[in-house]
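>>> turn this into a model:
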Amino acid sequence: PRQKQQQQQQQESIMNELKRDELARQYMYTSVQQASYDDVPWDSKLPPKLPVPLASLEAYGTGPSFKPRRRPIRYDTRNLKILDWDRTEPRHANYGRKPFNNVAPLTRAQQIPGYSGSIGGYNLQDIDNPEIAYEPYTVVRTEQPKFSMSPR
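Presented below is the predicted three-dimensional model:
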(Lines give C-alpha, C1' and ligand atoms only; values in the text may rest on other atoms or scores of the structure.)
Protein backbone atom coordinates (compact mmCIF):
# COMPACT_ATOMS: atom_id res chain seq x y z
CA PRO A 1 0.00 0.00 0.00
CA ARG A 2 2.84 2.39 0.81
CA GLN A 3 4.49 1.81 -2.58
CA LYS A 4 1.18 2.40 -4.30
CA GLN A 5 0.79 5.76 -2.56
CA GLN A 6 4.32 6.77 -3.55
CA GLN A 7 3.63 5.85 -7.17
CA GLN A 8 0.40 7.87 -7.15
CA GLN A 9 2.19 10.86 -5.64
CA GLN A 10 4.92 10.60 -8.29
CA GLN A 11 2.33 10.44 -11.06
CA GLU A 12 0.47 13.44 -9.62
CA SER A 13 3.68 15.47 -9.35
CA ILE A 14 4.59 14.57 -12.96
CA MET A 15 1.09 15.59 -14.12
CA ASN A 16 1.34 18.86 -12.17
CA GLU A 17 4.73 19.56 -13.77
CA LEU A 18 3.33 18.88 -17.24
CA LYS A 19 0.35 21.16 -16.61
CA ARG A 20 2.64 23.86 -15.24
CA ASP A 21 4.94 23.59 -18.27
CA GLU A 22 1.97 23.74 -20.63
CA LEU A 23 0.61 26.85 -18.89
CA ALA A 24 4.04 28.48 -19.00
CA ARG A 25 4.42 27.65 -22.70
CA GLN A 26 0.96 29.02 -23.42
CA TYR A 27 1.76 32.22 -21.51
CA MET A 28 5.09 32.65 -23.30
CA TYR A 29 3.87 32.03 -26.86
CA THR A 30 0.39 33.60 -26.73
CA SER A 31 -0.07 37.25 -27.61
CA VAL A 32 -2.27 39.51 -25.50
CA GLN A 33 -4.81 39.76 -28.32
CA GLN A 34 -5.00 35.96 -28.69
CA ALA A 35 -5.37 35.56 -24.92
CA SER A 36 -8.23 38.08 -24.90
CA TYR A 37 -9.96 36.15 -27.72
CA ASP A 38 -9.59 32.93 -25.73
CA ASP A 39 -11.39 34.52 -22.76
CA VAL A 40 -14.52 35.35 -24.81
CA PRO A 41 -17.41 32.84 -24.39
CA TRP A 42 -17.84 32.19 -28.12
CA ASP A 43 -20.48 29.48 -27.66
CA SER A 44 -22.92 32.01 -26.21
CA LYS A 45 -22.11 34.72 -28.80
CA LEU A 46 -22.22 32.64 -31.99
CA PRO A 47 -25.17 30.68 -33.40
CA PRO A 48 -25.25 26.98 -32.54
CA LYS A 49 -23.03 24.65 -34.53
CA LEU A 50 -24.49 22.75 -37.46
CA PRO A 51 -25.27 19.09 -36.84
CA VAL A 52 -23.01 16.52 -38.45
CA PRO A 53 -24.63 15.16 -41.65
CA LEU A 54 -25.73 11.54 -41.53
CA ALA A 55 -24.47 10.81 -45.04
CA SER A 56 -21.85 12.56 -47.11
CA LEU A 57 -23.31 11.58 -50.49
CA GLU A 58 -25.13 14.11 -52.65
CA ALA A 59 -28.75 13.48 -53.61
CA TYR A 60 -28.00 13.33 -57.35
CA GLY A 61 -24.23 13.18 -57.33
CA THR A 62 -22.05 11.65 -60.01
CA GLY A 63 -20.14 8.49 -59.32
CA PRO A 64 -16.39 8.59 -58.68
CA SER A 65 -15.73 6.60 -61.86
CA PHE A 66 -17.50 9.14 -64.08
CA LYS A 67 -15.16 10.98 -66.45
CA PRO A 68 -16.20 13.89 -68.68
CA ARG A 69 -16.29 13.15 -72.40
CA ARG A 70 -14.73 16.48 -73.33
CA ARG A 71 -10.98 16.71 -73.81
CA PRO A 72 -9.12 18.90 -71.33
CA ILE A 73 -8.49 22.48 -72.44
CA ARG A 74 -4.71 22.05 -72.62
CA TYR A 75 -5.09 19.64 -75.57
CA ASP A 76 -7.31 22.02 -77.51
CA THR A 77 -6.12 22.41 -81.12
CA ARG A 78 -6.43 26.19 -80.99
CA ASN A 79 -4.11 26.32 -77.99
CA LEU A 80 -1.59 24.10 -79.75
CA LYS A 81 -1.60 26.41 -82.79
CA ILE A 82 -1.05 29.46 -80.60
CA LEU A 83 1.79 27.75 -78.74
CA ASP A 84 3.41 26.69 -82.03
CA TRP A 85 3.15 30.22 -83.39
CA ASP A 86 4.63 31.67 -80.20
CA ARG A 87 7.53 29.21 -80.29
CA THR A 88 8.42 29.97 -83.92
CA GLU A 89 7.85 33.74 -83.75
CA PRO A 90 11.18 35.46 -84.45
CA ARG A 91 12.26 37.84 -81.74
CA HIS A 92 15.11 40.28 -81.48
CA ALA A 93 18.11 39.00 -79.52
CA ASN A 94 17.77 41.86 -77.05
CA TYR A 95 14.04 41.32 -76.61
CA GLY A 96 12.96 42.73 -73.28
CA ARG A 97 16.23 44.53 -72.62
CA LYS A 98 16.06 48.27 -72.72
CA PRO A 99 18.79 50.84 -72.30
CA PHE A 100 18.83 52.45 -68.89
CA ASN A 101 18.72 56.19 -68.83
CA ASN A 102 21.36 57.10 -66.26
CA VAL A 103 20.86 60.82 -66.45
CA ALA A 104 20.80 62.73 -63.20
CA PRO A 105 17.66 64.75 -62.48
CA LEU A 106 19.82 67.86 -62.16
CA THR A 107 22.13 67.90 -65.16
CA ARG A 108 24.27 70.69 -63.75
CA ALA A 109 24.96 68.64 -60.62
CA GLN A 110 26.75 65.95 -62.68
CA GLN A 111 25.34 63.51 -60.21
CA ILE A 112 26.60 59.92 -60.15
CA PRO A 113 23.89 57.70 -61.70
CA GLY A 114 21.97 55.73 -59.09
CA TYR A 115 23.15 57.98 -56.26
CA SER A 116 20.13 58.85 -54.14
CA GLY A 117 21.83 60.79 -51.37
CA SER A 118 21.97 64.54 -51.00
CA ILE A 119 23.98 66.53 -53.49
CA GLY A 120 26.19 69.36 -52.48
CA GLY A 121 28.33 71.97 -54.08
CA TYR A 122 30.48 74.98 -53.39
CA ASN A 123 27.66 77.38 -54.31
CA LEU A 124 24.51 75.26 -53.95
CA GLN A 125 22.19 78.28 -53.86
CA ASP A 126 23.14 79.05 -57.50
CA ILE A 127 22.42 75.57 -58.93
CA ASP A 128 19.49 76.92 -60.99
CA ASN A 129 21.33 80.05 -62.14
CA PRO A 130 22.84 79.33 -65.60
CA GLU A 131 25.15 82.35 -65.55
CA ILE A 132 27.14 81.28 -62.48
CA ALA A 133 29.48 78.29 -62.65
CA TYR A 134 28.40 75.53 -60.31
CA GLU A 135 30.91 73.05 -58.85
CA PRO A 136 29.32 69.92 -57.34
CA TYR A 137 31.02 67.71 -54.77
CA THR A 138 29.94 64.49 -56.53
CA VAL A 139 31.35 64.33 -60.04
CA VAL A 140 31.38 61.36 -62.40
CA ARG A 141 35.05 60.37 -62.54
CA THR A 142 34.93 57.98 -65.50
CA GLU A 143 32.48 58.01 -68.37
CA GLN A 144 30.46 54.81 -68.72
CA PRO A 145 30.16 53.31 -72.22
CA LYS A 146 26.88 54.11 -73.92
CA PHE A 147 24.37 51.36 -74.68
CA SER A 148 24.41 50.08 -78.25
CA MET A 149 22.89 47.15 -80.09
CA SER A 150 26.22 46.04 -81.59
CA PRO A 151 29.10 45.02 -79.29
CA ARG A 152 31.59 47.38 -80.99
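>>> next structured bit after the helix or strand containing residue 44?
Using DSSP states H and E, residue 44 sits within helix 42-45. Once the chain leaves helix 42-45, the next helix or strand it forms, by DSSP H and E, is helix 77-88.
>>> gap between the two ends of stretch 29-45?
Start-to-end span of stretch 29-45 (C-alpha to C-alpha, to the nearest Å) is 26 Å.
>>> hang on, isn't residue 137 packed against residue 119?
Yes - using C-beta atoms under 8 Å, residue 137 is in contact with residue 119, at 7.3 Å. In short, each C-beta sits where N, CA and C put it, glycine included.
>>> okay, those two: which has more neighbours?
For residue 137 versus residue 119, neighbours defined as other C-beta atoms under 10 Å are more numerous around residue 119 (18 against 12).
>>> distance check, the more buried one against residue 143.
Going from residue 119 to residue 143 by C-beta to C-beta, to the nearest Å gives 19 Å.
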